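Asker: Could you look at this predicted model? Sequence included:
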Amino acid sequence: MKLPSFGPRAELFDVEGIPVSLFPDAPGVPYSMAWDTDPPRSFDPNSASRNGAPVELTEFTALVASIHAES
């Protein structure tokens, strides 16, 4: 799966094994997305903030890749 370029305001989370992005600043990408499906799905931003752990882009990318390698 090809990820968009996340802007400087992007927040990336691992929500119980689900990669979730907030504020991606990428054209055409909604505010909060879960990247465990192709195409990505909407995700509750409050749940991401409350139940997720912030991750760096490299960790986020690896998590997305591992999920999609299993499919």
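Answerer: Now that the structure is in, tell me what you want to look at. Numbering: from 1, shown residues only.
Asker: May I see the buried residues of the helix with the most length in the chain?
Answerer: Identified as the longest helix of the chain according to DSSP state H is helix 57-70. Along helix 57-70, these residues count as buried under the neighbour rule (16 or more other Cβ atoms under 10 Å): 60-61, 63-64, 67. From N, CA and C alone the C-beta is placed, and that goes for glycine too.
Asker: Same list, those, but as TSV with pLDDT and distance to residue 5 please.
Answerer: Listed next are the buried residues of helix 57-70 as TSV, based on pLDDT from 0 to 100; distance: Cβ to Cβ, whole Å:
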residue	pLDDT	distance to residue 5
60	97	13
61	96	12
63	97	18
64	96	14
67	95	20
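Asker: now the end-to-end length of stretch 3-20.
Answerer: From its first residue to its last, stretch 3-20 covers 12 Å (Cα to Cα, to the nearest Å).
Asker: I meant stretch 53-62, not that one.
Answerer: 15 Å.
Asker: circling back to that earlier point, nearest to residue 49 among the buried residues of helix 57-70?
Answerer: Among the buried residues of helix 57-70, residue 60 lies closest to residue 49 (Cβ to Cβ), at 15.2 Å.
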